[in-house]
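*Asks:* 3D, please:
(chains A and B)
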Amino acid sequence: MDTPLHLDPTRLMQEIGTFQRKLSAGMGQLRGMSEPGYANTPRELVYAEDKLKLWHMQGDRAPTARTPTLIVYALVNTVWMTDLQPDRSLVRNLLAQGEDVYLIDWGYPDGADRWLTLDDYLNGYLDRCVDAVRERHGLDAINLLGICQGGAFSLCYSAMHPDKVKNLVTMVTPVDFQTPDNMLSHWCRELDADLFVDTLGNVPAMLMNWVYLTLKPVRLNQQKYVGLVDILDKPVELENFLRMERWIFDSPDQAGEAFRQFIKDFYQGNKLVKGGLVIGGREVDLGLLNQPVLNIYAEQDHLVPPDASRALGRRVGSTDYTELAFKGGHIGIYVSGRAQREVPPAIHQWLRARD
Amino acid sequence: MSGQAGDFIKDWQVLAQQSWDAWLRQLQPQPAAPPPAGSEALERTLAGLKGCFDWMQGVAAAGASQPGADWQTLLRAWAGSGNQPFTQAFNGIDNAAAQGFVQQWQAWLQSMQTSGFSMPGAMNNGPVPAFGLHREQLMQQQELAAAIQAALEANARYQELIQRANAQGLERLQARLAQRDATSPPIESLKALYDLWVDAAEEAYAEIALSEEFRAAYGEMVNTQMRVRRLQQHQTGQLCRELGLPTREEVSSLGERLQQLRRDLRKQGSGAAADEILALRREVAALKRELAALAAAGPAGPKPKTTAKRAAAKAPARGKSSSASSPRKR
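*Replies:* Predicted coordinates:
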């Protein structure tokens, strides 16, 4: 009988021996390495409040765009995914294209931020950042570039403050939170969000990371590190790996009240699609969004499935709506080589046509 | 078991132990050296590698114990030897990233016992009627015991689904191997087999994780754990009050009030500024009307009204004659 397995004991021993040698040789290198830094593109602090910082990013040349673009990142993880390393930086590539880029670093919430609501984040922090940028440029409206949860925030903000947003770009942004393939949504549907937040207060980053790892437990917790053995003797690849690990696990806790609202209204209530979403007494109706919208999603996104993003096209009121599919995943859309070539130029061209 | 196979397992085990010892040595702190920046990554790496290593060891040992057996027998032998590779991978996350619930519960129980609190036997024997001076305390402890029991049961149901994912992952692996035809390249390395298993295990897990049964079990697991923690917090709060220490509820309540105050202040601030701007706009409009009237009347026209005079008087370092043009310049 023909067999698909040809596992010869002698060869297996050789395989293990090779594996061990590579590991032993590489471990010394791993031990001596310092913490890899991010790209740290030059930037100027233009506004700060509590733990929030609004940065104006500086390129090698003056921007050619008349309207500045404010990057609104998610509350989970940090905004430095957009400026991870010099050759993998959405920010740097946008600057190189001539865009004028600002970004919000939400900071790391602690007990003092336990009662921050979505209203505080959107109609408070974000609105004041938008005002700060508008004032600096003497403009009525600026561009928003929202990422993941920050994309959902940007949609809500644009619906609540339409006069302050000229163009809206959303990247890997969930809109329909209850598509059948959305594992995160599926898991938190039965969650008692009130009990959860009343008990935990702020939601620990460690717990959030645990949930993300359990989306693909073997691949993310085991196979990834097996693959590391093959790059232990390649300093550049090893540094890139460690930098990504730093970004993944160096993540902020979630402010309790904002988390409660997000789970109940977005994941459980799916109100962005079904309607009835109210933030700070203002109703959020995507049908009233009339700004030009560029919606970029990742085809292999396991956190925000493509259908969850594409739902925006059916809800948004704007007649100027563009969708862009990227061949990659939720993180690859910022850091892969393909992303560097495709995404920033696409954003720039779209914005330039509407500047 | 043949002698050759026995030798192989022996060699394998020695090699595996040597490898593991070498890795662990890398984790030992070096004297007078700063802690390495990548040590956390190193720990995670080693945990992941150990899981993979165990997996490989299981397959290799199964193969060596049944020399000449067909691949299906080999995999059955591996699966039947108590291997739960998927469960191990899953528990690896639990250990590395978040303390397991059972460990948390044990730590809590230990701390309560050392603090002089005792748990009634309600967990095993069921609730008993409470009365007398310590009625409330007894009731709370019984409530906590029942909540712990519910959480442990919910956790068991969740773990059962993880084990099911493990079993179905192995079945999928077998099915994939069986589907390979004569043109498919044979699998000659443990790494290739491991990668194939990872694909199969993740697929099986994803299917279960998206089921209604998993959704209910997941929700129940989280909610029952939160219930236990809430009751623990309540008891800790009571202890703090007895010791005259601020409780979590009190601190949280202060934070809530402070946040509301900040909102109110900001609202009032922006409201007052808006009122002031509105009043100034009205005054400017009135001034413009009066100026227009003055211009229309010419040099012999009526004198400016009181409002304009007041505005002129407020203008800093300017003569009375400049008051008419100052609002426009602004």
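
*Asks:* residues in contact with the residue lying closest to residue A:44 once chain neighbours are set aside?
*Replies:* Nearest residue to residue A:44 in three dimensions, chain neighbours excluded: residue A:56, at 4.6 Å (Cβ to Cβ, 6 or more residues apart in numbering or on different chains). Bear in mind the C-beta positions are built from the backbone N, C-alpha and C, glycine included. Applying Cβ atoms under 8 Å, 6 or more residues apart in numbering or on different chains to residue A:56 gives the contacts A:43, A:44, A:45, A:46, A:101, A:102, A:136.

*Asks:* Ok, residue A:303 next?
*Replies:* A:148, A:172, A:184, A:212, A:215, A:330.

*Asks:* Could you identify which of those residues has the most neighbours?
*Replies:* The most neighbours of any of the contacts of residue A:303, using other Cβ atoms under 10 Å in any protein chain shown, belong to residue A:172, which has 29 neighbours.

*Asks:* mind checking pLDDT for whatever residue of chain A ends up closest to chain B?
*Replies:* Of all residues in chain A, residue A:190 sits closest to chain B, at 2.4 Å by Cβ to the nearest Cβ. pLDDT, residue A:190: 96.

*Asks:* And it, how far from residue A:209?
*Replies:* 21 Å (Cβ to Cβ, to the nearest Å).

*Asks:* So these two - more neighbours on which side?
*Replies:* Set side by side, residue A:190 and residue A:209 show more neighbours around residue A:209, with 21 against 17, by other Cβ under 10 Å.

*Asks:* In three-state terms, label that one for me.
*Replies:* Secondary structure state of residue A:209, per DSSP: H, G, I helix; E, B strand; the rest coil, is helix.

*Asks:* Quick check: it touching residue A:249?
*Replies:* Yes: counting by Cβ atoms under 8 Å, residue A:209 does reach residue A:249; the two are 6.1 Å apart.

*Asks:* that older thread, dump the contacts of residue A:303 into TSV; add pLDDT as well.
*Replies:* Shown next, in TSV, are those (pLDDT from 0 to 100):
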residue	pLDDT
A:148	97
A:172	98
A:184	95
A:212	93
A:215	94
A:330	94
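
*Asks:* Quick one: residues contacting residue A:240.
*Replies:* A:36, A:85, A:88.

*Asks:* Contact partners for residue A:330?
*Replies:* Taking Cβ under 8 Å, 6+ apart, we find residue A:330 in contact with A:148, A:172, A:298, A:301, A:302, A:303, A:304.

*Asks:* can you tell me how far it sits from residue A:148?
*Replies:* 7 Å.

*Asks:* what do the two both touch?
*Replies:* Common neighbours of residue A:330 and residue A:148 (Cβ under 8 Å, 6+ apart) are A:172, A:303, A:304.

*Asks:* In the stretch 51-200 of chain A, mark out all the helices, start to finish.
*Replies:* With DSSP state H, counting those that start in this stretch as the criterion, the stretch 51-200 of chain A has helices at A:90-97, A:118-119, A:127-137, A:149-160, A:183-188, A:193-200.

*Asks:* quick one on the thing from earlier: now the residue of chain A closest to chain B: how far from residue A:196?
*Replies:* From residue A:190 to residue A:196 the distance is 11 Å (Cβ to Cβ).

*Asks:* Find me the pLDDT at residue B:93, would you?
*Replies:* Listed pLDDT for residue B:93 reads 61.
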